[in-house]
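Undergrad: Turn this into a model:
(2 chains)
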Protein chains: 2
Amino acid sequence: MKIVVLKFGGTSVGSISRIKNVARIIISHIKKKYKVIVISSAMSGETNKLVKLTRQISNNFTPSEYDSVVAAGEQISCSLIAGRLNEEGYLSRSWLAWQVPILTAGKYSYSRIVNINKNNITKYLKKGGIPVLAGFQGINSENRITTIGRGGSDASAIMVAKFFKAEKCIIYTDVDGVFSTDPKLAPKAKQIKQISYEEMLEMSSLGAKVMQPHSIQDARLNRVDIEVRSSFNNKPGSLITKKKNISTKNIIRGVSFSKNDSKITLVGVKDRPGVAAAIFEPLYKNSINVDMVVQNISSSKKETDLTFTIKNDDLIKSEKLIKKNKKIKFKKIIIDDKVSKVSIVGVGMITTPGVTFRMFNALAKRNINIQVISTSEIKNISFDR
Amino acid sequence: MKIVVLKFGGTSVGSISRIKNVARIIISHIKKKYKVIVISSAMSGETNKLVKLTRQISNNFTPSEYDSVVAAGEQISCSLIAGRLNEEGYLSRSWLAWQVPILTAGKYSYSRIVNINKNNITKYLKKGGIPVLAGFQGINSENRITTIGRGGSDASAIMVAKFFKAEKCIIYTDVDGVFSTDPKLAPKAKQIKQISYEEMLEMSSLGAKVMQPHSIQDARLNRVDIEVRSSFNNKPGSLITKKKNISTKNIIRGVSFSKNDSKITLVGVKDRPGVAAAIFEPLYKNSINVDMVVQNISSSKKETDLTFTIKNDDLIKSEKLIKKNKKIKFKKIIIDDKVSKVSIVGVGMITTPGVTFRMFNALAKRNINIQVISTSEIKNISFDR
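TA: Predicted coordinates for the structure are as follows:
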């Protein structure tokens, strides 16, 4: 069987007319002789409405009940799609996680898919049916509804593609694909035809909002090729695939950036083993996501400066946690809540001389002061304001 | 175990503050040492919203998908209640039909409960938990979601009360109980303390909107005592129970009426077997609910007049169906779209002389012309305008 997995995001199923459009897209793949498995998100706005209800009931709403409430969003949308396909004359039905079943492990709201029973769906595909699966949900060993914390419906699609050995996994969304940078800010931004998982990971965690980093990581681990494209037009999308499938001719794949970041520098930290762990433990325990961490070699043997970045929203809480942390000592804390992060990403970059220089030169020409620099194999980050 | 089943209707869970109130009511029963099983309807308005979505997708939306969509309403509300009970410090969780499981038979949207697996819920009750079941839903032998056509969540509550041999089944709603007639129209209307299933059936099918007739019929067949009361105050409700539990001192239990009725009379219908069936078959096939049917003995041997009533909304369609029905012949059709039905209901009535006379006399005094009369064992109907 030539299987294709089609995943539709919230805006793609955000209204009745959008759902009718989704049915047409699905049918176009059926006409190309593919067996199609559909994964649906909740209609846009629906999950937020449900989350709001739970918060009004309790600030500390029970996670198992939370998952059961929010899973209702996908339950509704997948039936609407199947019903529309029926209306168009195609055999189709919805499948909820418990009906497949899709088994998950881990905590409520942060579950991950560990197994998908293929029997029922395979039989249905052989009959010529189009199964429409509710994304974002699973069940656990206690027969209760769970939700996929990391990547949501994208993760559902990737795991379904993996288990069914799908030829393609197409993520339909409201953007045309992955761009070299934000097209709203830089009209010169180009759509990227092909990008490796690794490059995409750097791009996405740095602000390219096409897909959640966790889903890309899932795709990378499971070797699932993903096409990201728009359900609002018929333009070809961007392929996210293995490094070896990709031309390294283009040294730089894209420019990524983030806003709303804050930078904290601890000056004069004792330079001994365990200090960094002591600094970050309370932040981790309070679910504060630390992005970059930079520590240069000590000028003296006893002290060093440590800089890290967090989202602005977490700044006040982080500052408090650092100041009341009795396990660490430092001379001064410097806080800057107006920093931006700019990264250039590309697999061929590190082996090509001059890229780093050209980036720094471009910033210097515009009189932008670089505060912190960090690099990985395929990215080059600088912090400025 | 002393079990009580508490069912909360749509307005009782219609907002966050109403749900918090529902949790308090549940806790009040727990404090009286009852084991409580809760059945929840969807938040008021929610089911209508979902139904509207399906209609926008197709006028002929697939019934199996329809049931899966509308069942989401109860899925949300039962988790919100359980979450609130957790917040108040009580062990509670939601149970969806597939988790219990609640098995149904029959068509989608018109299913009826045939079995409820007691094991899981009983274990949970013994642990001290408060199970909150999603009303209105079941699963069928194909492991798909169904909905209970006749009586909805009320029917769920009654069947749960039956299977668990509950001491009481309390239906919480937005009225104080069953009244002798509509208190909005007749300020003298009294709340009825006790009423038999049979009387309640007559009252409810004739316009008392406290409970759906099908649920009362279910309760009658399964000998489940029902208390109907308000979740908006703490007043005692009305008990619906077996005839023998009830005093027959009060001859007349109540006065029931309907508005928005239309009357169709076919004059000069051939009086031979099968004519009535031929008249009503197309109405039945078009889901038009015929209420009263009256046919007097023929004045001639060959012809008779037949009168029936329907809702005003169905009048135009019914008239068309009658006129194009080639299986029947009649001389004239008389239509009256401004009729009302008034009924007096009471188990002691038929054996008590003078009741019928007093009703007709009361109408005559106010110069109200009676058009059609029909009686059952415990009711006395007259039609007037």
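
Undergrad: ok, the closest residue in space to A:V100 that isn't next to it in sequence - how many residues close by?
TA: Leaving out its chain neighbours, the residue that sits closest to A:V100 by C-beta to C-beta, 6 or more residues apart in numbering or on different chains is A:N117, at 5.8 Å. Where C-beta positions appear, they are placed from N, C-alpha and C, glycine not excepted. Residues lying near A:N117 (other C-beta atoms under 10 Å in any protein chain shown) number 13.

Undergrad: Likewise for A:D336?
TA: 16.

Undergrad: and if you look at A:I3?
TA: Around A:I3 there are 19 residues (other C-beta under 10 Å).

Undergrad: Who are the contact partners of the closest residue to it other than its chain neighbours?
TA: Among residues not flanking A:I3 along the chain, A:A166 sits closest, at 4.4 Å (C-beta to C-beta, 6+ apart). Neighbouring residues of A:A166 by C-beta atoms under 8 Å, 6 or more residues apart in numbering or on different chains: A:3-5, A:37, A:160, A:224.

Undergrad: any idea how far A:A166 lies from A:S94?
TA: 19 Å (C-beta to C-beta, to the nearest Å).

Undergrad: Likewise for A:S343?
TA: Taken as C-beta to C-beta, the span from A:S343 to A:S94 is 41 Å.

Undergrad: what about the two, which has more around it?
TA: A:S94 (28 against 25).

Undergrad: now the helix ranked longest in chain A: mean pLDDT?
TA: What stands out as the longest helix in chain A, according to DSSP state H, is helix A:63-87. Averaged across helix A:63-87, the pLDDT comes to 98.

Undergrad: From the rest of the structure, what touches the next helix or strand after it?
TA: Remark: after helix A:63-87, the chain's next helix or strand is strand A:92-95, criterion DSSP states H and E. Strand A:92-95 is contacted from outside by A:75, A:78-79, A:81-82, A:85-86, A:120-121, A:124, A:129-134, B:62, B:64-65, B:68, using C-beta under 8 Å, 6+ apart.

Undergrad: Up against chain B, what does the stretch 1-150 of chain A have?
TA: A:16, A:19-20, A:50, A:53-54, A:56-58, A:60-62, A:64-66, A:68-69, A:71-72, A:75-76, A:79-80, A:82-84, A:86-87, A:93-94, A:96, A:98-99, A:143-145 (C-beta under 8 Å from any C-beta of the partner chain).

Undergrad: So how do I select the buried members of the residues you listed in PyMOL?
TA: Of the residues of the stretch 1-150 of chain A next to chain B, the buried ones go into a single PyMOL selection, burial set by 16 or more other C-beta atoms under 10 Å in any protein chain shown:
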select buried, chain A and resi 16+19+20+50+53+54+56+57+58+61+62+64+65+66+68+69+71+72+75+76+79+80+82+83+84+86+87+93+94+96+98+99+144+145
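
Undergrad: ok, so what distance separates A:F61 from A:L50?
TA: 11 Å.

Undergrad: no, scratch that, I was asking about A:M43
TA: 11 Å.

Undergrad: overlap in contacts of those two?
TA: Shared contacts of A:M43 and A:L50 (C-beta under 8 Å, 6+ apart): A:G73.

Undergrad: Can you give the distance from the longest strand anywhere in chain A to the centre of its chain?
TA: The residue-count maximum for a strand in chain A (DSSP state E) belongs to strand A:254-270. When C-alpha coordinates are averaged (C-alpha atoms, centre = their mean, to the nearest Å), strand A:254-270 and its chain have centres 21 Å apart.

Undergrad: cool, stretch A:265-278 as well?
TA: 31 Å.

Undergrad: For that stretch, buried residues please.
TA: A:265-266, A:268-269, A:271, A:275.

Undergrad: So among the residues you listed, where is pLDDT lowest?
TA: Lowest pLDDT among those: A:D271, 76.

Undergrad: Tell me if I'm right that that residue and A:T304 touch.
TA: Yes: applying C-beta atoms under 8 Å as the test, A:D271 and A:T304 come out as touching, 4.3 Å apart.

Undergrad: which outside residues touch the helix or strand A:I26 falls within?
TA: In this assignment (DSSP H and E), A:I26 forms part of helix A:16-31. Surrounding helix A:16-31, the residues in contact under the criterion C-beta under 8 Å, 6+ apart are A:4, A:6, A:8, A:11-13, A:36, A:38, A:40, A:77, A:80-81, A:84-85, A:87-88, A:90, A:130, A:172, A:231, B:53, B:56-57.

Undergrad: Please pick the buried ones from those.
TA: Buried among the contacts of helix A:16-31 by 16+ other C-beta under 10 Å: A:4, A:6, A:8, A:11-13, A:36, A:38, A:40, A:77, A:80-81, A:84-85, A:87, A:90, A:130, A:172, A:231, B:53, B:56-57.

Undergrad: And A:F179, its phi and psi?
TA: Backbone torsions of A:F179, given as degrees, to the nearest 10, read phi -110, psi 160.

Undergrad: Around the nearest residue to it once chain neighbours are set aside, count how many other residues there are.
TA: Leaving aside its chain neighbours, A:F179 sits nearest to A:A189 (4.6 Å; criterion: C-beta to C-beta, 6+ apart). For A:A189, the neighbour count with other C-beta under 10 Å is 15.
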